[in-house]
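Participant: build the 3D model from these lines:
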Amino acid sequence: MKHTVKLSCAVLASVACWAFASPALAQEAPKPMRGADVAAVDQAPEAKKYLGGKPGGQEKVARTFKEQPPVIPHAVENFDEITLEENQCLTCHSAANYQKKKAPKIGDSHFRDREGKVLPEASALRHNCVQCHVPQVDAPPLVDNDFKGNLAEGKVKAAKKKN
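Facilitator: Just a heads-up that it's a prediction; the model follows:
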């Protein structure tokens, strides 16, 4: 009995609140959070061209911290898409080809499985190179940034120790 009375009171209270509030809500249109008309199409920025030319013609881009994946210093526009069957990056950077192509070899970490066991071939977990390694574009920074990284700091300390 008590449960039925409580439930009836709750239902009546919610109906009363809805009845009084709904005319006010119906008059006011929802306002978008980003300040623009939600139905308006966002204007995408113009696509930027990747920096670099033919592979092998550019200097390596310096890293700013030890674990940072190296960036791709050459153009990638004419490269095939990486699929499960093919990865054009390995044409030059695989353990079998890097010396002939005078290209950097993929990192030793790419030859380990999830448990850390060393594999004879690159791990399938590392097959999609552009998941971590990115080509560069000439674009202004989105926000101000004064990040220095720890490699530059380490080089300064090493130079001071030598002197």
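Participant: right, and residue 104 touches residue 60 too?
Facilitator: Yes. Using Cβ atoms under 8 Å, residue 104 is in contact with residue 60, at 7.5 Å. The C-beta positions use only the backbone N, C-alpha and C, and glycine is treated the same way.
Participant: between the two, who's got more neighbours?
Facilitator: residue 104 (12 against 9; other Cβ atoms under 10 Å).
Participant: picking that back up, so what sits against both of residue 104 and residue 60?
Facilitator: Common neighbours of residue 104 and residue 60, counting by Cβ atoms under 8 Å, 6 or more residues apart in numbering, are residue 70.
Participant: mind listing the helices in the chain by residue range?
Facilitator: Applying DSSP state H to the chain gives helices spanning 2-27, 90-93, 98-101, 151-162.
Participant: which of the ones you listed has the lowest average pLDDT?
Facilitator: Of all these, the minimum mean pLDDT falls on helix 151-162 (a mean of 52).
Participant: quick check: residue 95 vs residue 107, distance?
Facilitator: Separation of residue 95 from residue 107 (Cβ to Cβ, to the nearest Å) stands at 11 Å.
Participant: if you could redo that for residue 53, that was the one I meant.
Facilitator: Applying Cβ to Cβ, the value for residue 53 to residue 107 is 24 Å.
Participant: cool, residue 137 as well?
Facilitator: Using Cβ to Cβ, one obtains 24 Å as the distance from residue 137 to residue 107.
Participant: swap in residue 136?
Facilitator: In terms of Cβ to Cβ, residue 136 sits 19 Å off from residue 107.
Participant: and these two? which has more neighbours close in?
Facilitator: Higher neighbour count among residue 136 and residue 107: residue 136, with 17 against 13, using other Cβ under 10 Å.
Participant: pretty sure the more buried one is touching residue 74, no?
Facilitator: No. Using Cβ under 8 Å, residue 136 is not in contact with residue 74; the gap is 9.5 Å.
Participant: any shared contact partners between these two?
Facilitator: Common contact partners of residue 136 and residue 74 (Cβ under 8 Å, 6+ apart): residue 52.
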